[in-house]
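Student: I'll drop the sequence and a predicted model, then ask my questions.
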Amino acid sequence: MSWAAHDLEPYAFQKHFGKRVAFIPLLIGSYGPDMLTKWLVYGVGFAGITLKAGDTQQFHRGWPGVGFTHSLAFGLLIALIIYAVSRNKVYAYSFLMGHWAHALSDVGDSLGTMLLFPFSTETYSIGAWAYAGQTGRYLDAAAYFSSFGFVWDGIWVVVALFSWRVIKRDYFYDVVVAADGTWTWLLKRFPEYLVLALYRGSYFYGITRWVAWLLWVHVLHSYDFDLTWGGPYWVEPVTTSLVEMTGPCSCPTCCGPLGACPCVTNQ
Amino acid sequence: MAANERPQPDTTWTARQTLAIYAGIGALYVTLGVFIPELLFSWWEGVPFLLLCLWIVHAVWRRLA
């Protein structure tokens, strides 16, 4: 998985494609694959109840599971639905662009994504950094920001900084608002400085959290940097073969079809 | 308002002041995030933090101006 990359990729696309994209669907597409699934990877608690996938890697990227959200076909399906509802091609392919960027970015980790689902459940991975979502969110963050993942996000931070013109007020009106009437609707109802902040929000969030995580991981704590391929060495990476080995759970207490079964990890 | 028609510019802040305010809020977010990393996990924490801080700074600024 990638962290700041998903926040910042839309601004790079915005700079490149200008009025040919709509920023809101582009951003939603970029967050889309994790939007409704990441909560259960790390666990979410409410009123003393914690919901968490038992086998995080199977749940997040596998099948059975919600790994189909990271497939190219799923992005295309949602884009077609967006087109059917809105009759707006720009909305549809902007979403598709953001979604595919996310799915392809996540190929960088050791687990990869089922890019060709439903035609194949094979996950495609280049294994540049360890997928460590199963270790919990703090160790996952520590592993990611100690590995090549930190470099990958760093590249996007640099690209975003070089794309700084896209967050200027003039650019916002000349290009972003001109391409998507949703912003005009928002500007009629909310103060300009807040609407501009909403547009700039992911840029702000991506860069600041990249800095904050680096400080948390390497200054407040002292996790070792390991920029070797597939690192860091101090976390056990989840790989494609591990997910295929465990596969869907068949135990009698299995929670159901989404792979959210606490016993899978013990197989 | 037409698609690319601009509203009256908000003259509360100059461009440099806006940049300084964003940088200040960013520094605050980084500082808080390092000690309370729960703030760093989700867009739903980071972006509302920015909006809330801007709203507070804007209100205080206008009152003092």
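Tutor: Now that the structure is in, tell me what you want to look at. Residues are numbered from 1 along each chain as shown, chains lettered A, B, ... in the order given.
Student: dump the residue contacts of residue A:13.
Tutor: A:21, A:26, A:97-98, A:101 (Cβ atoms under 8 Å, 6 or more residues apart in numbering or on different chains). Every residue, glycine included, has its C-beta placed from N, CA and C.
Student: what about the spatially closest residue to residue B:37 that is not a sequence neighbour, neighbour count?
Tutor: Excluding the flanking residues, the one nearest residue B:37 by Cβ to Cβ, 6 or more residues apart in numbering or on different chains is residue A:216, at 5.4 Å. Residue A:216: 23 surrounding residues under other Cβ atoms under 10 Å in any protein chain shown.
Student: so what's the most centrally placed residue in chain B up against?
Tutor: Among the residues of chain B, residue B:54 comes closest to the average C-alpha position under Cα atoms, centre = their mean, at 3.4 Å. Shown in contact with residue B:54 (Cβ under 8 Å, 6+ apart): A:193-194, A:197, B:21, B:25.
Student: in what helix or strand does it lie?
Tutor: Here residue B:54, judged by DSSP states H and E, is contained in helix B:43-64.
Student: quick check: buried residues in that helix?
Tutor: Using 16 or more other Cβ atoms under 10 Å in any protein chain shown as the test for burial, helix B:43-64 gives B:43, B:45-47, B:49-51, B:53-54, B:57-58.
Student: save the residues you listed as JSON lines, and put in pLDDT too.
Tutor: Putting the buried residues of helix B:43-64 into JSON lines (pLDDT from 0 to 100) gives the following:
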{"residue": "B:43", "pLDDT": "92"}
{"residue": "B:45", "pLDDT": "93"}
{"residue": "B:46", "pLDDT": "95"}
{"residue": "B:47", "pLDDT": "97"}
{"residue": "B:49", "pLDDT": "97"}
{"residue": "B:50", "pLDDT": "97"}
{"residue": "B:51", "pLDDT": "97"}
{"residue": "B:53", "pLDDT": "98"}
{"residue": "B:54", "pLDDT": "97"}
{"residue": "B:57", "pLDDT": "97"}
{"residue": "B:58", "pLDDT": "95"}
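Student: what does chain A put close to chain B?
Tutor: Contacts of chain A with chain B, taken as Cβ under 8 Å from any Cβ of the partner chain, map to A:7, A:31, A:42, A:137-138, A:141, A:169, A:173-174, A:177-178, A:181, A:184, A:187-188, A:191-194, A:197-198, A:200-202, A:204-205, A:207-209, A:211-213, A:215-216, A:219-220.
Student: of the residues you listed, buried ones?
Tutor: Members of the residues of chain A next to chain B classed as buried by 16+ other Cβ under 10 Å are A:7, A:31, A:42, A:137, A:141, A:169, A:173, A:177-178, A:184, A:187, A:192-194, A:197-198, A:200-202, A:204-205, A:207-209, A:211-213, A:215-216.
Student: which ones among these lie within helices?
Tutor: In this view, these that belong to helices under DSSP state H are A:7, A:31, A:42, A:137, A:141, A:169, A:178, A:184, A:187, A:192-194, A:197-198, A:200-202, A:204-205, A:207-209, A:211-213, A:215.
Student: wait, a helix at residue A:171?
Tutor: Yes - applying DSSP: H, G, I helix; E, B strand; the rest coil, one finds residue A:171 inside a helix.
Student: against chain B, how distant is it?
Tutor: To chain B, residue A:171 is 11 Å away according to Cβ to the nearest Cβ, to the nearest Å.
Student: rewinding a little: what would the contacts of residue B:54 look like in TSV with distance to residue A:238 and pLDDT?
Tutor: Shown next, in TSV, are these (distance: Cβ to Cβ, whole Å; pLDDT from 0 to 100):
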residue	distance to residue A:238	pLDDT
A:193	43	95
A:194	40	96
A:197	37	97
B:21	42	97
B:25	36	98
